[in-house]
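Chemist: Whatever this is, show me its structure:
(one chain, ligands or ions: 1)
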Amino acid sequence: MGFPSWEGQALDLPPQTTLIKAIIKETIMTQIPPHQFDIPDMDCEGCVASIKRAVSKLDPAATVDANLTTKRVVVSSAVATPDIKAAIEGAGYDVTTVA
Ligand SMILES: [Cu+2]
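Modeler: Residues are numbered from 1 along each chain as shown. Modelled structure (predicted):
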């Protein structure tokens, strides 16, 4: 007795599963409120690079938007705000406001 044919079809699921996972991830990412940090000592692209490196080490999927004029960094990540703050502080920057 062989396997019922539906089990063979079930083996074709992985590509769909990958697509579903991608859609779920996209949905989750777009629903994450951005984390906002004020970093007064961030004054050049080198600082921005250090901060981006620290955040992406914590969460490779995070997106980081840094504004050198307002000294504000906006992070989109599923990681908790205090953990992102700690990562930025770990890179040597004081974080004054978190929203
Ligand atoms: Cu700098």
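Chemist: Just want the most central residue of this structure.
Modeler: A62 (1.9 Å; C-alpha atoms, centre = their mean).
Chemist: how much space between that one and L19?
Modeler: Note on A62: its distance to L19, by C-beta to C-beta, to the nearest Å, is 23 Å. Every residue, glycine included, has its C-beta placed from N, CA and C.
Chemist: try D65
Modeler: From D65 over to L19 (counting by C-beta to C-beta), the distance is 28 Å.
Chemist: More neighbours: which of those two?
Modeler: Each of D65 and L19 has its neighbours counted (other C-beta atoms under 10 Å); D65 has more, 13 against 10.
Chemist: helix, strand or coil for the more buried one?
Modeler: Put simply, D65 is strand when judged by DSSP: H, G, I helix; E, B strand; the rest coil.
Chemist: next one: P60
Modeler: coil.
Chemist: Local confidence estimate at it?
Modeler: With respect to pLDDT, P60 scores 97.
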